[in-house]
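> Structure, please.
(one chain, ligands or ions: 1)
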Amino acid sequence: MVTGWPNMSNPADDTFFFILGISLTFLVLNTGAMIYFVVRYGKKRHPRAEEVKESIPLEITWTVIPTLLVLAIFFVGWKGFQYMRTAPPDAMVVKVIARQWSWTFDYENGKETTVLKVPVRKPVKLLITSADVLHSLYIPAYRIKEDCVPGMETHLWFLPDEVGSYDLFCTEYCGVSHSDMITKVEVMSQQNFNAWYKSGTRIAKAGKKKIGKRLPGGNKLLQDKGCIACHSMDGTAKVGPTFKGLYGRKVIVVTDGKEREIIADDEYIRRSIKAPPADVVKGFQPIMPVLQLSDDEINEIVEYFKTLK
Ligand code: CUA
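Sure thing, here's the model as predicted:
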């Protein structure tokens, strides 16, 4: 479902309609010529077929016209590509990290979100990367799409012209929960954005050193890092086992191809996060990716599990 389609002209649309226009013109011309030839040169009016020998003027015509058309399409596409590649210098920069299977948006002041919040009528430049496999960031309302490549930074920009909420999702198959990689672009008034942007900044900066970094808590970490795409917190089975009542539970895992029963304690949870294939819970596939989590963050998660009865 795609929501909130802003009414805007965009190079992608221009190129689309340009090509559509050419296609429609030739649909009419070709169909018309076909019908004319069927009538004019049918057996009734033209009983004896004639062979047409090569005609230089015809050859030139049907070589030159398509060449010009293709060049025109290239030119329009190239103009649009250049426009989309060149962000205005005053654009607000947001770093995007795609991972299996969630999005993180990092702002210059240290704020981090799972929904892309932007002020209206201010250009936004996204610097995009991936923590694991190839993903692709797609915002259909702004007609923009860019690959998220591990170990590389790609970029694009857009101008949100109306307040509203627009879909942002992954458009490259990246594993079982690919379809869960959907979130929103929330376009806010400048005033609302400023209020949000200045509220509760997590990282206080003193020179280049980060001080007073407060962790966002286990629950938020599980959401931010995309864990809940595969693990429920309410007992429902998803791609992975539920987190509910996990801590202290007896689990049957497969270790090196052999089943064994263990207690889900701190050590087991840490190991499962750091080296997911080490012990795979029986009945589940070994598909969990390795996440970039610090030891402190893992501790937060373990502590949170203890409360999830
Ligand atoms: Cu990420 Cu599909």
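> For residue 93, list the residues it contacts.
108, 125, 127 (Cβ atoms under 8 Å, 6 or more residues apart in numbering). For every residue, glycine as well, the C-beta is placed using N, CA and C.
> Check the gap between it and residue 27 for me.
Computed as Cβ to Cβ, to the nearest Å, the residue 93 to residue 27 distance reads 44 Å.
> packing partners for the helix or strand residue 66 falls within?
Element membership of residue 66, judged by DSSP states H and E, is helix 56-85. Identification of packing neighbours for helix 56-85 by 3 or more Cβ pairs under 8 Å, 6 or more residues apart in numbering; DSSP states H and E yields helix 11-40, strand 154-158.
> again, only using 10 Å
Helices and strands touching helix 56-85, by 3 or more Cβ pairs under 10 Å, 6 or more residues apart in numbering; DSSP states H and E, are helix 11-40, strand 144-148, strand 154-158.
> Tell me what residue 261 is bridged to.
Beta bridges link residue 261 to residue 252 when assigned by DSSP bridges.
> wait, doesn't it sit right on residue 252?
Yes: using Cβ atoms under 10 Å, residue 261 makes contact with residue 252 at a distance of 5.3 Å.
> Number of residues surrounding residue 237?
Counted by other Cβ atoms under 10 Å, the residues lying close to residue 237 total 11.
> From residue 99, how far out is it?
Using Cβ to Cβ, residue 237 is found at 22 Å from residue 99.
> Check residue 172 too.
Here residue 172 is placed at a distance of 13 Å from residue 99 (Cβ to Cβ).
> Residue 62 now?
Applying Cβ to Cβ to residue 62 and residue 99 gives a distance of 51 Å.
> Comparing those two, which residue is more hemmed in?
Neighbour count, other Cβ under 10 Å: between residue 62 and residue 99, residue 99 has more, with 23 against 10.
> mind listing what that one touches?
Residue 99 makes contacts with 129-133, 135, 148, 150, 174, 181, 225-226, 229, 289, 291-292, as judged by Cβ atoms under 10 Å, 6 or more residues apart in numbering.
> show me which of those neighbour the ligand.
With Cβ under 6 Å from any ligand atom as the criterion, the contacts of residue 99 include 135, 174, 181 near the ligand.
> so the last one touches residue 167, yeah?
Right, residue 181. No: at 11.2 Å, residue 181 does not count as touching residue 167 under the criterion of Cβ under 10 Å.
> Looking at those two, which is more packed in?
When neighbours are counted by other Cβ under 10 Å, residue 181 and residue 167 differ, and residue 181 comes out ahead with 26 against 17.
> how about that one, what does it touch?
Residues in contact with residue 181, defined by Cβ under 10 Å, 6+ apart, are 98-103, 135-138, 148, 168-172, 174-175, 226, 229.
> can you list the residues of the stretch 151-300 of the chain near the ligand?
Proximity of the stretch 151-300 of the chain to the ligand (Cβ under 6 Å from any ligand atom) is limited to residues 170, 172, 173, 174, 178, 181.
> Same question for stretch 181-200: list its buried residues.
By 16 or more other Cβ atoms under 10 Å, the buried positions in stretch 181-200 come out as 181, 183, 184, 185, 186, 187, 188, 193, 197.
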